[in-house]
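1. Turn this into a structure:
(2 chains)
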2 protein chains.
Amino acid sequence: MSLLNYDADRLAQFTEEITHKYEELKGRNLALDLTRGKPSAEQLDFSNEVLSLPGDNYTAADGTDCRNYGGLNGIADIRSIWAEVLGMPVENVIAGDASSLNIEFDLIAWSYALGNNDSPQPWAKEETLKWLCPVPGYDRHFTITEHFGFDMIPVPMTDEGPCMDTVRELVKDPAVKGMWTVPMFGNPTGVTFSEKVCRELAAMDTAAPDFRIMWDNAYAVHILGDEFPEIHNVVAMAEEAGNPNRFWCLSSTSKITHAGSGVSFFASSKANLDWYSSIANVRGIGPNKINQLAHAQFFGSAEGVRSLMRKHAGSLAPKFNRVLEILQQRLGDYDVATWTTPEGGYFISLDVVDGTATRVVQLAKEAGIALTAAGSSFPLKQDPNDRNIRLAPSLPPVEELEIAMDGVATCVLLAAAEKAARQA
Amino acid sequence: MSLLNYDADRLAQFTEEITHKYEELKGRNLALDLTRGKPSAEQLDFSNEVLSLPGDNYTAADGTDCRNYGGLNGIADIRSIWAEVLGMPVENVIAGDASSLNIEFDLIAWSYALGNNDSPQPWAKEETLKWLCPVPGYDRHFTITEHFGFDMIPVPMTDEGPCMDTVRELVKDPAVKGMWTVPMFGNPTGVTFSEKVCRELAAMDTAAPDFRIMWDNAYAVHILGDEFPEIHNVVAMAEEAGNPNRFWCLSSTSKITHAGSGVSFFASSKANLDWYSSIANVRGIGPNKINQLAHAQFFGSAEGVRSLMRKHAGSLAPKFNRVLEILQQRLGDYDVATWTTPEGGYFISLDVVDGTATRVVQLAKEAGIALTAAGSSFPLKQDPNDRNIRLAPSLPPVEELEIAMDGVATCVLLAAAEKAARQA
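-> Here you go, the predicted model:
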């Protein structure tokens, strides 16, 4: 029976018990952090070899001295490995610095200031700008479009991607210039877009000629089990469908080797890459080829990337499993929460009783457990149901994670009991 | 006597001799490149140690694990070294990726799209945008402001910086939003701004409240002799003068360790840094701390930077000296060219007979010697006198450089003789 349907006596007794548990929790003076999807020290150790590379071997396969200027689109050594990882021709993949986010920001900022290769005019000159935001989604995506003044339109997610009926309807508006996606092991839902959804996104008609789908494939190889899912070549799908420039695809090594000191990748049509490079060539002389070469030497091949990702899975899966077990043990009997069971990626998406997510995060904070702010997975950080909490199990050691999750479960139950009391 | 004043017989004889010399030059089928200021392999070798760093020592002095996310403004390890190099408090210096150019582009692009911290509105909304361009200057600077549609206003250079009477007059126009500078060992003039000019730039009244001087201190420690010049703290000067946000100062390790895989630095007032960081924090999670730590370990201290720059001087000075000797030997008697004698930086600025620079570059190209395109040092690549050629002596070994410069001198003389014949 749902906690929300308890009669007054039973609710009062439960509330007394859970309040007592919560006071005990506070008494432990914890300082635990589940806010962001950071790799753990154990995971970072897997790639320590890259920290001594390239050493004296600073010459790329084509003879380029990686220590000097030049090479705007990155070196073939790492581009060819990543093209194989992504299942795309190397001509469609260029390698940059840092993270996907940097390139995503630039793509939008440059389209805003200058227009992209299909724009009638710079986006800044449009009266209204709109952007589709499948929810729940990645907070840092929404912050970018917020910064440039887009109206962000939430799109519900299904278990095979964004609701395509909604998307097809919304893109009839010429003010809709694009759409955020995390198409594989999504942040925070864990959903991987089906081939059908990929093809529909590639083929649909849009009113804006310069409409773009930001395809942030951040977790393409970030499995928790044993099997790597197929990666759909949406650039080829879009080409076949007559919309060759539809997708801006991003990827990076940030959660593969070391976060923040990796290599980013931009994969797209030739026309899109040429447009991007024409501005990147004004912004700078080229990416860090030394770091690209170090990564190419460390991986060796696409299979080297997959081998490394299996190690990550071996480190992450037990943590995800413990979180899921604790959620089931502590919350399973009360019908106060649902959660995702991801097969990859970095997050578990937890839906609590409507109207209590903010309270859960506050209770956890007062007990020394930092959670991502409620609402973070929605545009403007506004969850219309105040329901969703993003859990990031990767960083803490498993013992700390268990303590934190048991604490979170207590907070979920206490907030639910409070709400039940208000409703009674 | 100037070649241009030769009588007809003497000119005909000279033209025959120099044409013969030029045909000989073409017959050698050279393939030499003096186009860009790239460090030589010998110079790059000085820093090979950085290619194996940081190895297992991936923890910053404050305990930060540099392998993980975070640290938007860079690590103190490298910021403190560079603050000492630049003679500024560390609070005014943040460390980023890649090169100064990237930050310069972003500062202008973000001011254009969003406005900076002193802007009444985004620059994109202004009817007209103007930018001051001391000439000759750095071609890649001018390309950035060209890209965002600025009217670029040339300002003549003196031997202590831009002509300040001209600057003070021009900045009375509120459409003038800023100014490019390379204040020490300038590209291509080699001029270092005097303290007087620095103070006048800091103190002058400008009509635009968000006027900025892009202070690209790319060659602050790039000496050719033995002495490091004083670096003026223009941020402090501007603060004293009541214009605290006037200067955006840039610097990088690009021509110190390895070009393109270095660390960049942005030094400015707290308000300017806060504005920049507020947008950089939307664009990404932070710079490559691993590369910053590797550089900090390699340098050890500001004195370590200066020690390395002495090695560079030891490699570069003989090349600059040979270029100057050849120019004097081959051109000194004919009064057809003047050139700079830089004490630092990467360039020699050569002025040939008016109206012949394009022809000299073309003749050189046909003889297999690639020079920077004539006009490159001017906005829109338009040298009003078709006079200036930028020579970059750093990359080739000295034997190749001698051949190339001897060839360039032949081209200068032939082009001058052609012009003299037309005028006769």
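2. Can you give me the neighbour number for residue A:296?
-> 27 (other Cβ atoms under 10 Å in any protein chain shown). All C-beta atoms are positioned from the backbone trio N, CA, C, and that covers glycine.
3. Next one: it from residue B:341, what distance?
-> 44 Å (Cβ to Cβ, to the nearest Å).
4. Residues of the stretch 151-300 of chain A that sit close to chain B?
-> Applying Cβ under 8 Å from any Cβ of the partner chain, one finds that the stretch 151-300 of chain A approaches chain B through A:254, A:258-261, A:279, A:282-291.
5. all strands in the stretch 151-300 of chain A, in order from the N-terminus.
-> For the stretch 151-300 of chain A, the strands defined by DSSP state E, counting those that start in this stretch occupy A:151-158, A:161-162, A:176-181, A:212-216, A:247-252, A:263-267.
6. Now mean neighbour count and mean pLDDT too, for those strands, in a markdown table please.
-> Below are those laid out as a markdown table (neighbours: other Cβ atoms under 10 Å in any protein chain shown; pLDDT from 0 to 100):
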| stretch | mean neighbour count | mean pLDDT |
| --- | --- | --- |
| strand A:151-158 | 18 | 98 |
| strand A:161-162 | 26 | 98 |
| strand A:176-181 | 25 | 98 |
| strand A:212-216 | 25 | 98 |
| strand A:247-252 | 26 | 98 |
| strand A:263-267 | 27 | 98 |
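7. now these as CSV including distance to residue A:15?
-> Shown next, in CSV, are the strands of the stretch 151-300 of chain A (distance: least, Cβ to Cβ, whole Å):
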stretch, distance to residue A:15
strand A:151-158, 33
strand A:161-162, 39
strand A:176-181, 40
strand A:212-216, 42
strand A:247-252, 46
strand A:263-267, 50
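8. between the ones you listed, which gets nearest to residue A:79?
-> Closest to residue A:79 of the strands of the stretch 151-300 of chain A, according to Cβ to Cβ: strand A:263-267, at 7.7 Å.
9. Paired strands for the closest one, with orientation please.
-> strand A:93-97 (antiparallel), strand A:247-252 (antiparallel) (DSSP bridges).
10. Between the ones you listed, which one is closest to residue A:150.
-> strand A:247-252 (15.4 Å).
11. What is the burial count for residue A:83?
-> Residue A:83 is flanked by 20 other residues according to other Cβ under 10 Å.
12. Where does it fall, secondary structure wise?
-> Residue A:83 belongs to helix A:76-86 when elements are defined using DSSP states H and E.
13. now that helix, how far from the centre of its chain.
-> 21 Å (Cα atoms, centre = their mean, to the nearest Å).
14. cool, and stretch A:217-224?
-> For stretch A:217-224 - counting by Cα atoms, centre = their mean - the centre lies 9 Å from the chain centre.
15. Next, work out how far apart the residue nearest to residue A:424 when sequence neighbours are not counted and chain B are.
-> Distances taken as Cβ to Cβ, 6 or more residues apart in numbering or on different chains place residue A:8 nearest to residue A:424, at 5.9 Å, with adjacent residues excluded. In this structure, residue A:8 and chain B are 48 Å apart, going by Cβ to the nearest Cβ, to the nearest Å.
16. For the stretch 201-350 of chain A, which segments count as helices?
-> For the stretch 201-350 of chain A, applying DSSP state H, counting those that start in this stretch gives helices covering A:234-240, A:270-283, A:289-299, A:302-331.
17. a markdown table please, covering these and showing distance to residue B:345.
-> Shown next, in a markdown table, are the helices of the stretch 201-350 of chain A (distance: least, Cβ to Cβ, whole Å):
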| stretch | distance to residue B:345 |
| --- | --- |
| helix A:234-240 | 44 |
| helix A:270-283 | 23 |
| helix A:289-299 | 24 |
| helix A:302-331 | 43 |
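18. ranking these by burial, who's on top?
-> helix A:289-299 (a mean of 26; mean count of other Cβ atoms under 10 Å in any protein chain shown).
19. relative orientation of that one and strand A:263-267 in degrees?
-> Computed with axes from the mean of the first three to the mean of the last three Cα atoms, to 10 degrees, the direction of helix A:289-299 lies at 90 degrees from that of strand A:263-267.
20. just checking, what packs against helix A:289-299?
-> The contact analysis (3 or more Cβ pairs under 8 Å, 6 or more residues apart in numbering or on different chains; DSSP states H and E) places helix A:289-299 against helix A:76-86, strand A:263-267, helix A:302-331.
21. Residues touching that helix, excluding its own?
-> Outside helix A:289-299, the residues within contact range by Cβ atoms under 8 Å, 6 or more residues apart in numbering or on different chains are A:47, A:49-50, A:53-54, A:57-58, A:60, A:64, A:66-67, A:71, A:74-75, A:77-78, A:81, A:95, A:97, A:253, A:257, A:261-263, A:304-305, A:308, B:51, B:258, B:260-261, B:288, B:291.
22. go with 7 Å
-> Helix A:289-299 is contacted by residues A:47, A:49-50, A:53-54, A:57-58, A:60, A:66-67, A:71, A:74-75, A:77-78, A:81, A:95, A:253, A:257, A:263, A:305, B:51, B:258, B:260-261, B:291 when judged by Cβ atoms under 7 Å, 6 or more residues apart in numbering or on different chains.
23. what about the helix holding residue A:83 and chain B, touching?
-> No. Using Cβ under 7 Å from any Cβ of the partner chain, helix A:76-86 stays clear of chain B, with a minimum separation of 13.4 Å.
24. Show the average pLDDT along that helix.
-> Helix A:76-86 comes out with an average pLDDT of 98.
25. Just the residues contacting it, thanks.
-> For helix A:76-86, using Cβ under 7 Å, 6+ apart, the contacting residues are A:60-62, A:89-90, A:93-95, A:220-221, A:231, A:251, A:263, A:265, A:267, A:292-293, A:295-296, A:299, A:301-302, A:305.
26. ok, now with 6 Å
-> A:60-61, A:90, A:93, A:95, A:231, A:263, A:265, A:267, A:292, A:295-296, A:299, A:302, A:305 (Cβ atoms under 6 Å, 6 or more residues apart in numbering or on different chains).
27. Same check on stretch A:394-408?
-> Outside stretch A:394-408, the residues touching it (Cβ under 6 Å, 6+ apart) are A:25, A:32, A:34, A:37-40, A:316, A:319, A:322-323, A:326, A:346, A:364, A:367, A:369, A:393.
28. Now do the buried residues in that stretch.
-> A:394, A:395, A:396, A:400, A:401, A:402, A:403, A:404, A:405, A:406, A:407, A:408 (16 or more other Cβ atoms under 10 Å in any protein chain shown).
29. Among those residues, name the ones in helices.
-> Per DSSP state H, helices hold the following members of the buried residues of stretch A:394-408: A:400, A:401, A:402, A:403, A:404, A:405, A:406, A:407, A:408.
30. If the residue nearest to the fifth one when sequence neighbours are not counted is in a bridge, with which residues?
-> It stands for residue A:404. Excluding the flanking residues, the one nearest residue A:404 by Cβ to Cβ, 6+ apart is residue A:32, at 4.3 Å. As for beta bridges, residue A:32 partners with residue A:369 under DSSP bridges.
31. Please look at residue A:32 and residue A:367 and confirm they touch.
-> No. Counting by Cβ atoms under 6 Å, residue A:32 sits too far from residue A:367 to count as a contact (9.1 Å).
32. remind me which residues of chain A are low pLDDT?
-> Regions of chain A meeting the criterion pLDDT under 70 are absent.
33. Centre-most residue in it?
-> With distances taken as Cα atoms, centre = their mean, residue A:187 lies nearest the centre of chain A, 3.7 Å away.
34. Hmm, residue A:271 is touching residue A:117, no?
-> Yes. Because the distance of 5.4 Å satisfies Cβ under 6 Å, residue A:271 is recorded as touching residue A:117.
35. how about the contacts of helix A:76-86, which pair is most distant?
-> Farthest pair in the contacts of helix A:76-86, by Cβ to Cβ: A:60 and A:231, 25.5 Å.
36. Cheers, nothing more for now.
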